[in-house]
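Engineer: Sequence and predicted structure below; questions after.
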Amino acid sequence: MMPHLAEAKRLAQKLKRLVKEAHRLDTSKTLGGTGKNAVARAYEFYVAFRVLCDLLNDWDLELVNNRGKKIVRFPHAPSGKAKYPYFEASNSGRIRFQLCLGTTIIGTNSSPFSPDLSVQTIKSSLNPSSADFVFGWDQKHTSGNRLNRDETAKVSAHLKIVPPLAKGSVTPFKSSNWPNSCCVVTNANCSTVTSGDLIVWEISEVYDCTPGKTKKTRP
């Protein structure tokens with residue numbers, strides 16, 4: 001079994017025990033399939049489930065918008081928010097932010113961006129816009145040794161047309177060392193983009209994010 005698929009399934013089992021309604025998470029549909037797309041998808045969900053498990057150290061998570069369905073399924077591709085469930089994070093009974101998988105966000109000029117993970121404001125509707133967008137991540141699995149710099153540049157270009165206008169309004173990651181900002185997450189080494197350019201682009205890279213390694217972040 002692919003290492004990220006195996007770890008994603010283990011993390012999903014942990015979520016089933018800890019998140020309301022997540023016991024109905026359908027990993028066979030969410031993580032099924034073979035080939036290159038299946039590898040990329042398994043990595044995306046490995047990161048997503050790892051993030052969710054880390055968030056549980058600081059927040060109560062509740063799955064919402066499952067529309068009465070008996071099984072929880074997340075999108076395999078960019079999708080409208082209304083079609084799939086997402087999470088609300090709260091503490092002391094007060095909802096603080098939303099975390100969505102694959103949700104399409106509309107920019108100020110009507111251009112779409114669908115990050116693999118996005119943090120949105122508590123008032124974000126089922127048709128989120130830049131005004132609701134706190135930050136977003138893209139997960140990039142590669143069979144090579146290094147993240148392709150074009151992947152980071154591509155996310156940076158998306159952020160110019162769909163800017164996270166609500167950035168800084170919430171700090172989801174407190175006790176875990178994930179960035180509270182837009183980033184690209186990869187299993188490989190970081191790209192050749194300079195740290196100076198990453199600062200200008202207002203984007204981070206999380207690299208070596210894979211079972212058996214300690215993830216790192218730059219800049």
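Structural biologist: Looks like it arrived, so ask away. Residues are numbered from 1 along each chain as shown.

Engineer: Number of residues surrounding Val51?
Structural biologist: Using other C-beta atoms under 10 Å, Val51 has 22 other residues around it. No exception for glycine: its C-beta is placed from N, CA and C like everyone else's.

Engineer: I figured it hits Asn180, correct?
Structural biologist: No: Val51 lies out of contact with Asn180 (C-beta atoms under 8 Å); the separation is 11.9 Å.

Engineer: quick one: the strands in this protein?
Structural biologist: Listed in chain order, the strands of the chain (DSSP state E) span 60-64, 86-91, 94-101, 105-106, 112-113, 117-121, 133-140, 183-186, 204-207, 216-218.

Engineer: Mean pLDDT and mean neighbour count added to those strands, as JSON lines?
Structural biologist: Shown next, in JSON lines, are the strands of the chain (pLDDT from 0 to 100; neighbours: other C-beta atoms under 10 Å):
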{"stretch": "strand 60-64", "mean pLDDT": "85", "mean neighbour count": "17"}
{"stretch": "strand 86-91", "mean pLDDT": "90", "mean neighbour count": "18"}
{"stretch": "strand 94-101", "mean pLDDT": "91", "mean neighbour count": "20"}
{"stretch": "strand 105-106", "mean pLDDT": "94", "mean neighbour count": "22"}
{"stretch": "strand 112-113", "mean pLDDT": "90", "mean neighbour count": "18"}
{"stretch": "strand 117-121", "mean pLDDT": "94", "mean neighbour count": "24"}
{"stretch": "strand 133-140", "mean pLDDT": "93", "mean neighbour count": "25"}
{"stretch": "strand 183-186", "mean pLDDT": "95", "mean neighbour count": "27"}
{"stretch": "strand 204-207", "mean pLDDT": "96", "mean neighbour count": "24"}
{"stretch": "strand 216-218", "mean pLDDT": "94", "mean neighbour count": "15"}
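
Engineer: Tell me, how many residues neighbour the nearest residue to Tyr207 once chain neighbours are set aside?
Structural biologist: Take Tyr207 and drop its neighbours on the chain: the residue closest to it by C-beta to C-beta, 6 or more residues apart in numbering is Cys190, 4.3 Å away. Residues near Cys190, counting by other C-beta under 10 Å, number 22.

Engineer: do you know how far Cys190 is from Lys81?
Structural biologist: Noted for Cys190: a distance of 31 Å to Lys81, by C-beta to C-beta, to the nearest Å.

Engineer: got it, and Pro164?
Structural biologist: 16 Å.

Engineer: on that earlier part again, so the residue nearest to Tyr207 makes contact with Cys209?
Structural biologist: No: judged on C-beta under 8 Å, Cys190 makes no contact with Cys209 at a distance of 10.7 Å.

Engineer: Adding distance to Lys174, write the strands of the chain out as TSV.
Structural biologist: Converted to TSV, the strands of the chain look like this (distance: least, C-beta to C-beta, whole Å):
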stretch	distance to Lys174
strand 60-64	14
strand 86-91	10
strand 94-101	11
strand 105-106	24
strand 112-113	26
strand 117-121	13
strand 133-140	15
strand 183-186	17
strand 204-207	17
strand 216-218	15
